[in-house]
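S.K.: make a model of this:
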Amino acid sequence: MIVMIKSAPDTTDGATGLTLAKEGGADLVLLQNGVYFAQKDRLGSFSGQVYLLDDDKRLRGLKDSELDARAKTIDFDKLTDLITGGKKVVGMF
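M.R.: Sure thing, here's the model as predicted:
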């Protein structure tokens with residue numbers, strides 16, 4: 001399962017998305033302001049794979065050195081592959 005989060009970490013929607021992903025054993029795709037979840041110390045005990053959209057990361061000025069080691073930067077082609085190849089996509093939070 002994939003949970004897509006577009007809301008910032010300090011929002012109710014963002015927190016709900018992360019909780020759903022943790023409890024469901026899902027992977028995360030971070031878009032728009034959701035890319036801030038990829039910063040160090042924001043994911044807590046999350047154990048799934050974390051993907052963040054490169055364009056959104058760059059637009060918000062995030063540097064690779066600021067990111068959690070689990071975060072993998074992807075482009076739109078990879079995002080499409082994840083969405084179409086997943087058994088279930090839940091989101092947008």
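
S.K.: export stretch 40-50 as CSV, just CAs?
M.R.: Output of stretch 40-50 as CSV, limited to C-alpha atoms (Å, rounded to 0.1, in the frame of the first residue of the first chain):
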residue,chain,number,x,y,z
LYS,A,40,15.6,14.5,9.6
ASP,A,41,13.7,13.6,12.8
ARG,A,42,10.2,14.1,11.2
LEU,A,43,9.4,10.5,10.4
GLY,A,44,9.9,9.1,13.9
SER,A,45,9.5,5.3,14.0
PHE,A,46,8.1,5.0,10.5
SER,A,47,9.6,1.9,8.9
GLY,A,48,8.4,1.8,5.3
GLN,A,49,10.0,3.2,2.2
VAL,A,50,9.8,7.0,1.7
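
S.K.: got the buried residues for that stretch?
M.R.: Neighbour-count burial for stretch 40-50 flags 42-43, 46, 48, 50 (criterion: 16 or more other Cβ atoms under 10 Å). For the C-beta atoms, the positions are set from N, CA and C on the backbone; glycine is no exception.

S.K.: low-confidence bits of this protein, can you list those?
M.R.: Applying pLDDT under 70 to the chain flags the ranges 86.

S.K.: what do you get if the cut-off is 80, keeping everything else the same?
M.R.: Scanning the chain for pLDDT under 80 picks out the ranges 86-87, 89, 91-93.

S.K.: mind putting the buried residues of stretch 40-50 in JSON lines, distance to residue 76 and secondary structure included?
M.R.: Converted to JSON lines, these look like this (distance: Cβ to Cβ, whole Å; DSSP: H, G, I helix; E, B strand; the rest coil):
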{"residue": "42", "distance to residue 76": "23", "secondary structure": "coil"}
{"residue": "43", "distance to residue 76": "23", "secondary structure": "coil"}
{"residue": "46", "distance to residue 76": "24", "secondary structure": "coil"}
{"residue": "48", "distance to residue 76": "21", "secondary structure": "coil"}
{"residue": "50", "distance to residue 76": "17", "secondary structure": "strand"}
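
S.K.: farthest pair within the residues you listed?
M.R.: Maximum pairwise distance among the buried residues of stretch 40-50 (Cβ to Cβ): 14.2 Å, between 42 and 48.
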